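> Need coordinates for the below:
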Amino acid sequence: MNLKGLGVAMVTPFKEDGTVDFDAIPRIIENIVTGHADYIVVLGTTAEVTSLSDSEKKAVIQLIVETNQNKLPLVIGIGGNNTAKVIEEIQSTDLDPFEAILSVSTYYNKPTQDGIYEHYKHIAMASPLPIIVYNVPSRTGSNVEPSTFIRLAEDVENIIGIKDASGDMDQAQQMLKNCAPHIQVISGDDALTLPMLLAGAVGTISVLGNALPVPLKEMFHFVETGNLKKAYALHYQLLDVINLLFEEGNPVGVKALMESMGFCSKTVRLPLIKASGSLHERLQKVLEASIASH
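Below you'll find the predicted structure:
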């Protein structure tokens with residue numbers, strides 16, 4: 001799969017009573033599609049997947065697939081800290097609508113680098129779809145070191161890329177420098193999308209893209225056409241809203257922004273709690289300023 005461009009880590013909308021808001025899903029997808037995103041990540045960590053039942057996951061997948069109508073490629077998130085269970089989920093899921101699997105690195109267990117290597121090797125060998133490694137040490141408690149990923153990319157044909165949300169540009173550059181040209185490095189941090197693109201990343205998997213895909217695509221266009229002055233101006237303009245998005249956790253911030261835009265409620269499931277009034281108000285002001293500047 002070509003992971004170039006803007007991927008969106010889609011949220012799961014909930015009603016005020018906490019049930020899945022199936023009516024909101026088509027609105028969110030329409031915004032992503034009309035915003036010219038390049039692909040959608042379904043049931044990633046931004047989708048609060050650990051808070052969804054198996055039946056809810058199936059229903060959400062079915063509606064997204066039906067609504068998308070093959071307009072955009074779909075990637076599915078399947079990961080966890082029990083290797084055998086991840087493999088079982090891969091083998092029991094209908095993967096026909098999907099192009100690849102995004103698999104978050106193991107959390108809580110804190111395996112060694114050899115353990116991380118074996119985890120991904122076993123998953124990739126069992127998967128009919130290509131695997132994208134997802135490294136997010138701030139959440140998992142362990143880091144997929146560049147040497148480990150480079151080794152995986154060399155040894156395991158079915159591993160095609162990494163979503164790197166380490167926040168460490170040196171680490172990203174080590175992978176970009178030392179991986180084979182066909183291995184795709186993707187930014188997993190909205191605040192680092194532009195620096196990662198300029199370092200050689202193929203694109204980003206974005207949280208902000210749920211709400212504001214258009215300016216992100218504009219930034220990609222400026223990079224592709226060599227207009228770095230405009231790319232940087234847009235990058236710094238978006239930083240205010242990006243920093244607010246993650247102030248109270250993800251997807252708390254982006255759902256508050258999306259409520260302001262009329263896409264869905266800001267409701268999240270415990271142990272997350274919905275955005276504070278203060279954060280919602282500040283997001284609203286940043287949104288209004290962004291609209292005014294456009």
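
> Please enumerate the strands of the stretch 101-250 of the chain.
Using DSSP state E, counting those that start in this stretch, the strands of the stretch 101-250 of the chain run over 131-135, 159-164, 184-187, 203-206.

> got any ranges where the stretch 151-294 of the chain has weak pLDDT?
Across the stretch 151-294 of the chain, residues meeting the criterion (pLDDT under 70) sit at 291-294.

> Distance check, Lys266 against Asn135.
Counting by CB to CB, to the nearest Å, the gap from Lys266 to Asn135 is 28 Å. In short, each C-beta sits where N, CA and C put it, glycine included.

> who has more neighbours, these two?
A direct count of neighbours by other CB atoms under 10 Å for Lys266 and Asn135 places Asn135 higher, at 26 against 22.

> Ser142 is in contact with that one, correct?
No - taking CB atoms under 8 Å as the definition, Asn135 is not a contact partner of Ser142, at 9.1 Å.

> So for these two, which residues contact both of them?
Taking CB atoms under 8 Å, 6 or more residues apart in numbering as the criterion, Asn135 and Ser142 both touch Ser105.

> out of the strands of the stretch 101-250 of the chain, nearest to Val8?
For Val8, the closest of the strands of the stretch 101-250 of the chain is strand 203-206, at 5.7 Å, according to CB to CB.

> From Glu288, how far off is the nearest residue to Pro26 once chain neighbours are set aside?
Leaving aside its chain neighbours, Pro26 sits nearest to Thr67 (4.8 Å; criterion: CB to CB, 6 or more residues apart in numbering). With the distance defined as CB to CB, Thr67 ends up 29 Å from Glu288.

> Compare the two and say which is more crowded by neighbours.
Between Thr67 and Glu288, counting by other CB under 10 Å, Thr67 is the more crowded of the two (16 against 11).

> Thr193 contacts Val202, doesn't it?
No - the pair Thr193 / Val202 is not scored as a contact, 11.5 Å apart, by CB under 8 Å.
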